[in-house]
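> Predicted structure and sequence below. I'll ask about it afterward.
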Amino acid sequence: MKKTILFLFSLLCFSNSFAQDCNSYGQAQIDLNVNNIKARILNSGDLWWDGNEGKYIAPVSEAGFAEVTAIFAGALWFGGVDPNGHLKLAAQQYRHGVTTDFYPGPIEQGNSISEDDCENWDRFWVINKSDVESHINDYNDNNIIDNPITSIFSWPGRNNPSFTVNNGFDLPLDHNLAPFFDRDQDGNYNPDQGDYPLIKGEQSIWWVFNDLAGPHRVSQATPMSIEIQAMAYAESSENIHINNATYYDFKVTNQGTDPLLSSYMGLWVDFDLGCYTDDYFGYNEEYQMMYAYNEDDVDGNVGSSCPGGINTYGENIPIIGIKQIGRSDFPVTSFSIFERVPNSFGVPNFDYEYYNILNGRWIDGTAMTYGGNGFDPSSIDTVSYVFNGEPSDDNAWSMCTTDLTFADRLCVMSTKMGSLQPGESFTNSYAVVFVENEDYPCPNLDRLKEAADDVSNNVKTSTININNPFSLQIFPNPAKDILHINCERSIRKIQLLNIGGQILMEKDVEEQTSQYALNINEVSNGLYLISVQDNLGRTSIQKVVVQN
């Protein structure tokens, strides 16, 4: 372990006063490992570590060479108030024993889940792009699945009739879970009828967890009754920036009976860029990106050593950023840094302290201020983002221009979700961007920004990861007002779907034509799927970005 992780005795002894059905916590772990990054994922709201050591390996090392980690751990935070003003919250930091606020599995609105459900859902569903392509080609050949692929038939899509036999337990009835393309539009996932998982990248990993099935031993908070459906994905690419990136989607649904008001979602991160003793942090508002870099031009102490025998980057030091993507309507509202010490700018232990940080304040409610370490109760120069200046700019506020004594610091990037009504969902996505061999000290952010642009554009404009049975041209992309569709076959039907597979618009094309102009002037900005069915009943799909 890189360093001693402190836990308050009260957290270990604490037990919420409400009834709970699940006493186990998620113990499943898996690696996302399809490109130059190997990223560990867990199933209780945390990421990038194995419960003891950092496991965001960047870059992936060759056999026989030491692994170096760029992130020690990460986790999700959520908080909001009910109509009576009572705070509800769920958070995760370092898991220790049963110290968690999150538990595996979905929850139906107003209900918890059983102990058996917790154990059943303590797993991940992994889908490769090649599996989806093979399944689609199999069905398109004769409208029959001749060679069932287990990963496709075990997918937890709504009312999947093959789920129980492939997984050993039942799906909750009529519960919308993992996204899928619904070929016959009956609302249910039927892989034997040509439906298939909607995934991203070369490999997608899907899992689901909630905050209702057990006591909140981290935040000591009242549950929010939220369900989080998560998907992590990555792809190998000749573009070095995409090859060095991983992506994470989190769909948050209020499954309680009360609205959540003034709600926030935060991503907590313990960056350890190689050695943890010389890390600096910052935030770029334009890119909605927090980042970590090295204090000087050598990672670690003299001779590139690090306490505890931690592997370092030596003189070949990278820079790493985590960027919120795809939510221009809900931008990041604050970036906070706090120390792992018991003081006003230290680590939170209680629900209101977590919520203060999610609001862009220190744990005692003091506003963050410009300059120094951001904590000056006498200042009226308040800020929402600490260390928001470029490290290479001598006149900007960064850790490079601020003479701070060393401390083990942690970061939180928070987004205000506002009101979340019962049954309503909110999806937020992040990309981890990694750039090797940066120039130090006080690096320029140009290469990190270039990487962030490539990663964001890859999400927005890449075609869906399937082999379409016929050629399809959709332009312009991004589109405004009118979307032109050219097909090598006669078009029978056109559908506009959201990224979750829900039909938003459908047009039956009666005349024999291979070209169609689709009016999208009333479609909100965002990422969508265009599904085109030909006169033989076969379907091709592409992604399109609408920018009206």
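Yes, it's here.

> so what's residue 480 bridging to?
Counting by DSSP bridges, residue 480 is bridged to residue 482.

> tell me, what residue is most central in this structure?
By CA atoms, centre = their mean, the chain has its centre lying nearest to residue 248, at 2.8 Å.

> hang on, isn't that residue packed against residue 231?
Yes. Judged on CB atoms under 8 Å, residue 248 makes contact with residue 231 at a distance of 7.4 Å. For the C-beta atoms, the positions are set from N, CA and C on the backbone; glycine is no exception.

> Look up phi and psi at residue 529.
Main-chain dihedrals, residue 529, degrees, to the nearest 10: phi -110, psi 140.

> Count the neighbours of the closest residue to it other than its chain neighbours for me.
Leaving out its chain neighbours, the residue that sits closest to residue 529 by CB to CB, 6 or more residues apart in numbering is residue 497, at 4.3 Å. Residue 497: 20 surrounding residues under other CB atoms under 10 Å.

> Contact partners for residue 497?
For residue 497, the contact set (CB atoms under 8 Å, 6 or more residues apart in numbering) comprises 503-504, 528-531.

> Which single one of those residues is nearest to residue 470?
When the contacts of residue 497 are compared for distance to residue 470 (CB to CB), residue 531 wins out at 12.4 Å.

> so which helix or strand takes in the closest residue to that closest one other than its chain neighbours?
For residue 531, ignoring the flanking residues on the chain, the nearest one in space by CB to CB, 6+ apart is residue 495 at 4.2 Å. Using DSSP states H and E, residue 495 maps to strand 491-498.

> Pull out the buried positions in that strand.
For strand 491-498, burial by neighbour count (16 or more other CB atoms under 10 Å) applies to 491-497.

> ok, now stretch 429-442?
So, applying 16+ other CB under 10 Å, buried residues of stretch 429-442: 429-436, 438, 440-442.

> Dump these to TSV, plus secondary structure and pLDDT.
Output for the buried residues of stretch 429-442, formatted as TSV (DSSP: H, G, I helix; E, B strand; the rest coil; pLDDT from 0 to 100):
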residue	secondary structure	pLDDT
429	strand	93
430	strand	96
431	strand	97
432	strand	98
433	strand	98
434	strand	97
435	strand	97
436	coil	95
438	coil	95
440	coil	96
441	coil	93
442	coil	95
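
> Tell me which two of those sit farthest apart.
Between any two of the buried residues of stretch 429-442, the greatest separation by CB to CB is 32.0 Å, found for 429 and 441.

> Point out where the protein drops to low pLDDT.
1-24, 63-64, 109-114, 460-467, 499-502 (pLDDT under 70).

> quick one, what contacts residue 145?
The contact partners of residue 145, taken as CB under 8 Å, 6+ apart, are 135, 138-139, 191-192, 194.

> Tell me the secondary structure at it.
Look at residue 145: counting by DSSP: H, G, I helix; E, B strand; the rest coil, its state is coil.

> and residue 174, how many neighbours?
Neighbourhood size, residue 174 [other CB under 10 Å]: 10.

> secondary structure class for it?
Taking three-state DSSP as the rule, one finds residue 174 in the coil state.

> Please list all residues in contact with residue 498.
With CB under 8 Å, 6+ apart, residue 498 has these contacts: 504, 526, 528-529.

> distance of it from residue 532?
According to CB to CB, to the nearest Å, residue 498 and residue 532 sit 17 Å apart.

> likewise residue 176?
Distance of residue 176 to residue 532, given as CB to CB: 25 Å.

> More neighbours: those two, which one.
Applying other CB under 10 Å to residue 176 and residue 532 shows that residue 532 carries more neighbours, namely 26 against 20.

> For the more buried one, name its beta-bridge partners.
Counting by DSSP bridges, residue 532 forms beta bridges with residue 494, residue 540.

> Distance of it relative to residue 472?
From residue 532 across to residue 472, the span is 6 Å (CB to CB).

> and for the two, which residues touch both?
Here residue 532 and residue 472 have 485, 487, 540-541 as joint contacts, going by CB under 8 Å, 6+ apart.

> Can you select the buried ones from those in PyMOL?
To isolate the buried members of these in PyMOL, using 16+ other CB under 10 Å:
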select buried, resi 485+487+540+541
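
> Show me which of the shared contacts of residue 532 and residue 472 is closest to residue 244.
In terms of CB to CB, no member of the shared contacts of residue 532 and residue 472 lies closer to residue 244 than residue 541, at 27.9 Å.

> Could you double-check that that closest one lies in contact with residue 529?
Yes. In this structure residue 541 lies within contact range of residue 529 using CB under 8 Å: 5.6 Å.

> List the contacts of stretch 405-412.
Residues contacting stretch 405-412 (CB under 8 Å, 6+ apart): 3, 77, 266-271, 276-279, 281, 290, 292, 334-341, 347, 357-358.

> Let's see which of these end up in helices.
357-358 (DSSP state H).

> Now list the buried members of the contacts of stretch 405-412.
77, 266-271, 276-279, 281, 290, 292, 334-340, 347, 357-358.

> Now, those residues that are in strands?
77, 266-271, 279, 281, 290, 292, 334-339 (DSSP state E).

> Surely residue 51 touches residue 99?
No. Applying CB under 8 Å as the test, residue 51 and residue 99 come out as separate, 10.7 Å apart.

> hmm, who's touching the longest helix anywhere in the chain?
Counting residues, the longest helix found in the chain (DSSP H) is helix 446-461. Helix 446-461 is touched from outside by 200, 237, 239, 241-242, 244-245, 247, 284, 287, 289, 291, 319, 321, 323, 325-326, 429, 431, 433-435, 438, 477-478, 527, 543, 545, with contacts defined as CB under 8 Å, 6+ apart.
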